[in-house]
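# Provided below are the primary sequence and the corresponding predicted coordinates.
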Amino acid sequence: MAEQRSPKPQVGGSTPSWPAIHIGLGGATQAARALEKPILDKVKLLLAMVPLAAGIGAYYYFGDQPAWIRVIGLLVAGGVSILIALQTELGRVAWAFRREAIIEVRKVVWPTRKETTQTTLVVLVVVIIMAILLWLLDMFLAWAVRFLTG
């Protein structure tokens, strides 16, 4: 059996060019275990909501201030909330998932400009042909209804 190679050797995958590595994240099972963690994680998650709620409240309380200042304050409050939430087990699992998703997106072999243009043209032609066929079917059915109902 011949060894199968990727068209882009620098991109890994399931071929022997880059063996799969198990990082140890169990997906839903680890997220479920994270919810069963000690009360401290739950307290941290609740504490993470405080700056966000305060930021939303401040956004409306300072309604007479320029919008860009209120938006910056809201973004800062959201960032503080995220930083607090990342200190929990569930936050670490979510951050690891984000990192893995970025790694997977980098492995995608994106189509070239020529392939994208050709595919778009094929889709447009098929849509136009289907529109004409459905229009003809509609005209035939309208004619048949008029013929049958007199």
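Good, I have the coordinates.
# what about the residue most central in space within the chain, which helix or strand?
By CA atoms, centre = their mean, the chain has its centre lying nearest to A101, at 9.3 Å. A101 belongs to helix 89-107 when assigned by DSSP states H and E.
# for that helix, buried residues please.
Going by neighbour count (16 or more other CB atoms under 10 Å), the buried part of helix 89-107 is 89-91, 93-94. Yep, even glycine has a C-beta here, placed from its N, CA and C like the rest.
# and if you look at stretch 74-88?
Along stretch 74-88, these residues count as buried under the neighbour rule (16+ other CB under 10 Å): 74, 77, 80-81, 84-85, 88.
# just the ones of the residues you listed in helices?
The helices, defined by DSSP state H, take in 74, 77, 80-81, 84-85 from those.
# and which of those is nearest to L40?
Nearest to L40 out of those is I84 (CB to CB; 12.2 Å).
# SS state for the nearest residue to that closest one once chain neighbours are set aside?
With CB to CB, 6 or more residues apart in numbering as the criterion, I84 has its nearest non-adjacent residue at 3.9 Å, and that residue is A48. For A48, the assignment made with DSSP: H, G, I helix; E, B strand; the rest coil gives helix.
# local confidence estimate at A48?
At A48, the pLDDT value in this model is 92.
# what do you get for I69?
At I69, pLDDT is 93.
# what's near enough to touch the residue nearest to it when sequence neighbours are not counted?
Among residues not flanking I69 along the chain, F62 sits closest, at 7.7 Å (CB to CB, 6+ apart). Residues near F62 by CB atoms under 8 Å, 6 or more residues apart in numbering: 69-70, 73.
# distance of F62 from V80?
Counting by CB to CB, to the nearest Å, the gap from F62 to V80 is 17 Å.
# check I132 too.
Distance of I132 to V80, computed by CB to CB: 58 Å.
# and L121, by the same measure?
Separation of L121 from V80 (CB to CB): 49 Å.
# which SS class is Y60?
Taken by three-state DSSP, the conformation at Y60 corresponds to helix.
# hang on, I meant M139
On the basis of three-state DSSP, M139 is classed as helix.
# count the residues that sit near it.
10 (other CB atoms under 10 Å).
# surely A58 touches R70?
Yes: here A58 reaches R70: they are 7.5 Å apart, a contact under CB atoms under 8 Å.
# who has more neighbours out of the two?
Per other CB under 10 Å, whichever of A58 and R70 has more neighbours is R70, with 18 against 14.
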